[in-house]
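Trainee: okay, here's the prediction I keep looking at, along with the sequence it came from:
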2 protein chains.
Amino acid sequence: MFIDATPAQINEALERAYSAFLTYRHASGKAKAAFIRAIADEIEALGDDLIQTAMRETHLPAPRLTGERGRTCFQLRDMATTIEEGSWVDATIDTAIPDRQPLPKPDIRNMLIPIGPVVVFGASNFPFAYSTAGVDPAAAWAAGCPVVVKAHPAHPETSEMVASAIHKAVVKTAMPVGVFEHLHGASFEVGKALVMHPRTAAVGFTGSFAGGKALFDWANQRPVPIPVFSEMGSTNPVFLLPDAMDTEAEKYAKMYALSITGSMGQFCTKPGLLIGVEGAGLDHFMTALANEIRQIQAAPMLHAGIAKTFRTKRADVLTQEAVTVEAETQTAFGEDDGIPSLASVSSSQFLSNPALHQEVFGPFSLLVKCQNTDELRTVAAHLEGQLTCSVIGTEQDFREAQDLLSAVSLLCGRLLLNGVPTGVEVCASMQHGGPFPASTDGRFGSVGAHAIKRFVRPFAYQNFPQNLLPDELKDDNPLNIWRIVNGVRAK
Amino acid sequence: MFIDATPAQINEALERAYSAFLTYRHASGKAKAAFIRAIADEIEALGDDLIQTAMRETHLPAPRLTGERGRTCFQLRDMATTIEEGSWVDATIDTAIPDRQPLPKPDIRNMLIPIGPVVVFGASNFPFAYSTAGVDPAAAWAAGCPVVVKAHPAHPETSEMVASAIHKAVVKTAMPVGVFEHLHGASFEVGKALVMHPRTAAVGFTGSFAGGKALFDWANQRPVPIPVFSEMGSTNPVFLLPDAMDTEAEKYAKMYALSITGSMGQFCTKPGLLIGVEGAGLDHFMTALANEIRQIQAAPMLHAGIAKTFRTKRADVLTQEAVTVEAETQTAFGEDDGIPSLASVSSSQFLSNPALHQEVFGPFSLLVKCQNTDELRTVAAHLEGQLTCSVIGTEQDFREAQDLLSAVSLLCGRLLLNGVPTGVEVCASMQHGGPFPASTDGRFGSVGAHAIKRFVRPFAYQNFPQNLLPDELKDDNPLNIWRIVNGVRAK
C-alpha cells in the first residue's frame, strides 16, 4: 500500500530539507515555537480517527494510545516553551579589552546553532511519542533543523495522518517547504540512502540494536561522518537488596509484575533482569512475582514480527543451561500475543553465558540469584551499558550498598531507587539514553533540552558589530535570556 | 632514547587509569581544582630548563615558548576555577509531586558525570598548550577522568619534564595513582592499542587529518565505540570584501602577513586561503601583502619532518594548473626552514581543483580571485568544514554581505570580522573546533568549558534520599551552584 521512496525521491526530500534549512536556521525561538505548537494542535484535531488507526496498526489499546498522544503533544509544547524562553542556547559573552597587555582581547560571543537536516527513524512501540512528530523531530525543529522522517513500516497509516497534521502546521505558520519531509521505506536501501545523503547532518533512531548499529556504521563511513543517535536495547537491571526482600517482597513483586508486563513489555525501559541475593526474602519475592505474572492477561504484540522475535528470544534464554521457568501466564494466548513470563538462573551461570544478557523485547524477565551482596557488584561490573538501572532497598540496605550504587552508576543513564524504570517522566532532569549499547552516544538523551542539544553546535562570533549579531548575543539582551557575560551569569 | 610502550605497559597504564577513575570520579570540584592548580605550579617550578628543552626539541623561540607556558598554566588555572565554582555540571532538579493525577511525579535530578579514562595524543606545534598538560588533559581531569598521555615523538623530553611536574602534583594533592599515565610511542601500533583498549572511554587528538581520522575509524570499529575528538586540518578561509580592499588594503596586508607567517605558519588557525573580488583594491592588497611576505625572515620549522611535508604540500599547490607564485621570502633559508610565500589562482580554477583546498601547514597562503561578490558565496558553498572563517569588510560591505555571512557560518566553528584567526583567546565564549574535517565532532570545542563537556554525560538520579545524592543535587545546594529547579534557574 505504501511504496518505498525511490533514490530520486530521497534526494529531492533532502535537497528540499537543505533549502529549508538555509532559512529555518535563522527562525526566531518564537516562530519555531509557534510551528511546534501548531503541530500539537493539528494532531489533537485529528481526533479519534488517529487513535482508531493506530489501534488497528499497533494493537495497542485505546487508553494507552490516548495517553501517548497526550504525552506527544505535551512534549511538543514543552519543547516550544523551552525555545520560546530561549536560554537553552547557552549564550556566553566575553567583551573586548582593547588595551589589554601584551595583546588586546577581542569581543567573542558564543551560542548553540543548528547543524542541518536531521533524518528520523521512528519507533514501532511508540507510534506517536517516538515517531513522526515524536521527540526526535520535535528536538530537531526546536534546534532549527528540518526533519526527514521515514515512517515506521509497522504503522504507515498512523504516520501519514500525523504527517498531514505537520504539513498543515507548516502552512499555517508559514514555515519553509522542506522543514518536514515524510517518506516510506520498508527496505534496507531506503534507510541507507537517507543516512548516506550528503545533506543529512544527523540521524535519530529508536529500535533494535541491529538497526541502530547499522545506521551508526554507515554514518561513520561517509566522506563526512555525521552523528547518529540510536536508542537501542536495554535490559534495565534491577538490584534487589536483602533487607527490602525480607520486609517488602510482596509490594515490590506487585509493582514489578506490572512494570514487566505493561503494554506487553514493549517498553525500552522494561526491567528484563532482576538480580537478588538468595534467601527466604528473595524466595518470597519470586513466589509472589510468579503468582502475579500467572494472572497477567496475554495480549497481542505490536505486530506479528515482534511477536515472533519475542518467542524466539524468549526460547533462546529458556533453553540455556540451568535456566528455570518460574512462571508463565495462565491465560490463553494466540500466535501474535506476548506471553507474560518469568525465569531464573544462578549468577555464576549468568556471568559465564552472554546469551543471558540479551534483551528479550516483551513481557519477560530473568531473575539472577547471587550467593551474597558481593556477587551483586560482580554482576554489575559485567553488565553492558543500560538506559536505566534500579536498586530496591531499605535505608539499612543503602547504608551497606554505597559501592554497589557507585558500580551501577557506571552502567546506565538513569539510576532509580525503590521504583520501576518504566514510565519515563518528560522533564528537564530526565536522562533517556545510556552507555553503549543502550545508545550509540550516551552523552545525549532523548527527552527535553538534552534532546535539542544533539542537533546543535557551539558557534563563536568574534568582533561583530551589534547589528550583525543574533538577538541572543546583543548587548541589551532583547530576548531577556540567561547568559554568561564576562564570567557572570545574568539575565 | 625513548622506547615505545609495550602492549603490556599500555594495558597496565589503562588498568591503573581505570582503577583511579573509580575513586577520582567522586572527587569534589575543590579537590580536582587543587590538583590542577598544583600542576600549573609544578610546571612553573621547572623554570628555564623546560623552556630550553622545548627550544631544542621544537625550534620555537624562547619568547613564543614562554608565552605558551603562560597560556598553559592560565588554561589549567582557568579550568580549576570553573570546576571549583561548580555550575558547569548543569544541575537540573524536578521535585516529586506525589499526588499528581493520573500518576505521581517522581523526584528526578540530573548532572553531568565523567565518562572514564581519556587517552590524549599531544600536538607537535604546541608542546605545552596542546600536549602533556594541555587543554585535553586539563579538561579530562576537570571532568573527573584520568588521563593517559602519549608523548609526542617530536618533543619527548619536554613531555617527560611536564609529566614529572604532573606526577609531583599527583603526590602533593594525594590523587590516586593512575590519574595520570605517560607513555611514549612513535609507532602506529601504540596509538592503535591505546584507542582499542576496553578501558579507554574517549580520545583527544590534535594533529593531521590522516592521524586524527585513523583514530576516529578505530574507535568506531571497537565492540564498544567511543568518542574521538580529533582537531585536524583547516585552511581558515578569509573573505576580502571590495570596499575594505579599496580603502584599507595596506592595513590588512600587514596584519595578514604576520598571521600567515607567525611561528612559521605552524598554527591550526593560520589563514591558508584568501578570497577576494578582482579589482584595483585587491591588486593593491596583494601587492602590499607580497611585499610584506618577502621581508619575512625564514626560520626552522618544528622538526625536519614538518619542514619536508611543508615543502611537498607547497609544491603540490604551486604546480597545479594556473597557480601563480606572488611572493617568496627574500631572506636565506635552510633545508629545515619554512619558506614564507604567497600564491594566487582564479576562483574557477579553485572550484574545479580539490588539490587547491588542502591545508599547507606552514607559512603559505593562496589568494583566490573571484569575478564578483556572487562568486565569493559560490566558493563558500564549496569549501569543507573549517575551524575559523574571517570576513574583512567595511560597514558598507557588510550591509551587502548578509548572505555571504550566513553561508560562511555554515562552514566553521568561529567566524570573525576584521581581524586574524591566529591567536585563539582562552575564554568561555571561544569555540575551537569546527565541522568535519576541521574536527571529528564540531559539536564540541577544545577551549574552556566546551572542552570539559566532551568527557561527561548527563546522569539522572531518580527517587534518591538526600544523603545518597551528590552535593550538587542536594536540596540545600551546599555548593551554592547555579541550578534549574522545577524550571527556575537559581542559586
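Mentor: Looks like it came in fine.
Trainee: so A:His59 sits right up against A:Met301, yeah?
Mentor: Yes - using C-beta atoms under 8 Å, A:His59 is in contact with A:Met301, at 6.8 Å. To be clear about C-beta, it is placed using only N, CA and C from the backbone, and glycine gets the same treatment.
Trainee: quickly list what's touching both of these two.
Mentor: A:Asp336 (C-beta atoms under 8 Å, 6 or more residues apart in numbering or on different chains).
Trainee: of those two, which one has the most company?
Mentor: More crowded of A:His59 and A:Met301, by other C-beta atoms under 10 Å in any protein chain shown: A:Met301, with 29 against 19.
Trainee: for the residue nearest to that one when sequence neighbours are not counted, what are its contacts?
Mentor: The shortest distance from A:Met301 to any non-neighbouring residue, by C-beta to C-beta, 6 or more residues apart in numbering or on different chains, is to A:Ala307 (4.1 Å). The contact partners of A:Ala307, taken as C-beta under 8 Å, 6+ apart, are A:300-301, A:335-338, A:362.
Trainee: dump stretch A:142-149 to CSV, restricted to CA.
Mentor: The C-alpha trace of stretch A:142-149 is given here as CSV (Å, rounded to 0.1, in the frame of the first residue of the first chain):
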residue,chain,number,x,y,z
ALA,A,142,13.4,23.2,18.2
ALA,A,143,17.1,23.3,17.4
GLY,A,144,16.4,24.9,14.0
CYS,A,145,16.9,21.8,11.8
PRO,A,146,14.5,20.5,9.2
VAL,A,147,13.4,16.9,9.6
VAL,A,148,13.1,14.0,7.1
VAL,A,149,11.0,11.2,8.7
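Trainee: interface residues of the stretch 201-350 of chain A facing chain B?
Mentor: Neighbours of chain B within the stretch 201-350 of chain A, by C-beta under 8 Å from any C-beta of the partner chain: A:216-217, A:220, A:224-225, A:227.
Trainee: can I get the helix or strand A:Leu351 falls within as PDB, trimmed to CA atoms?
Mentor: Using DSSP states H and E, A:Leu351 falls within helix A:347-352. What follows is helix A:347-352 as a C-alpha-only set of coordinates in PDB (Å, rounded to 0.1, in the frame of the first residue of the first chain):
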ATOM      1  CA  SER A 347      24.700 -15.700  39.000                       C
ATOM      2  CA  SER A 348      27.500 -18.000  38.100                       C
ATOM      3  CA  GLN A 349      25.600 -19.200  35.000                       C
ATOM      4  CA  PHE A 350      24.600 -15.700  34.200                       C
ATOM      5  CA  LEU A 351      28.200 -14.400  34.400                       C
ATOM      6  CA  SER A 352      29.500 -17.100  32.100                       C
END
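Trainee: and the following helix or strand past that helix, what other elements does it pack with?
Mentor: Using DSSP H and E, the helix or strand that follows helix A:347-352 in sequence is strand A:364-370. Applying 3 or more C-beta pairs under 8 Å, 6 or more residues apart in numbering or on different chains; DSSP states H and E, one finds that strand A:364-370 contacts helix A:242-261, strand A:273-277, helix A:280-295, helix A:304-318, strand A:341-346, helix A:347-352, helix A:373-381.
Trainee: for A:Thr53, what are its contacts?
Mentor: Counting by C-beta under 8 Å, 6+ apart, A:Thr53 has contacts A:157-158, A:161.
Trainee: recalculate using a threshold of 10 Å.
Mentor: A:Thr53 makes contacts with A:46, A:65, A:127, A:155, A:157-162, as judged by C-beta atoms under 10 Å, 6 or more residues apart in numbering or on different chains.
Trainee: ok, of those, which one's closest to A:Thr235?
Mentor: In terms of C-beta to C-beta, no member of the contacts of A:Thr53 lies closer to A:Thr235 than A:Pro127, at 23.7 Å.
Trainee: so where's the stretch 51-200 of chain A uncertain?
Mentor: Within the stretch 51-200 of chain A, not a single segment meets pLDDT under 70.
Trainee: can you list the residues of it near chain B?
Mentor: Proximity of the stretch 51-200 of chain A to chain B (C-beta under 10 Å from any C-beta of the partner chain) is limited to residues A:63, A:67, A:78, A:81-82, A:85, A:87, A:90-95, A:102-113, A:115-116.
Trainee: domains in chain A, as residue ranges please.
Mentor: Under the assignment automatic domain parsing, the domains of chain A span A:7-232+A:442-485, A:238-417.
Trainee: can you lay out those as JSON lines showing distance to B:Leu404?
Mentor: Output for those, formatted as JSON lines (distance: least, C-beta to C-beta, whole Å):
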{"stretch": "domain A:7-232+A:442-485", "distance to B:Leu404": "12"}
{"stretch": "domain A:238-417", "distance to B:Leu404": "42"}
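Trainee: what's the closest of those to B:Asp441?
Mentor: domain A:7-232+A:442-485 (7.3 Å).
Trainee: isn't A:Glu250 right up against A:Ala288?
Mentor: Yes - using C-beta atoms under 10 Å, A:Glu250 makes contact with A:Ala288 at a distance of 4.9 Å.
Trainee: that older thread, in ChimeraX, how would I select just the buried ones from the contacts of A:Thr53?
Mentor: Filtering these down to the buried ones (16 or more other C-beta atoms under 10 Å in any protein chain shown) takes a single ChimeraX command:
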select /A:46,65,127,155,157,158,159,161,162
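Trainee: tell me the one among the contacts of A:Thr53 nearest to chain B.
Mentor: A:Leu65 (15.0 Å; C-beta to the nearest C-beta).
Trainee: which element is that closest one on?
Mentor: Going by DSSP H and E, A:Leu65 is part of helix A:62-85.
Trainee: which parts of that helix are buried?
Mentor: Quick answer for helix A:62-85 (16+ other C-beta under 10 Å): A:65, A:67-69, A:71-73, A:75-80, A:82-84.
Trainee: are any of the residues of the stretch 51-200 of chain A next to chain B buried, and which?
Mentor: For these, buried by 16+ other C-beta under 10 Å: A:67, A:78, A:82, A:87, A:90-94, A:106-113, A:115-116.
Trainee: which of these fall within strands?
Mentor: Residues of these located in strands (DSSP state E): A:92-94, A:108-113.
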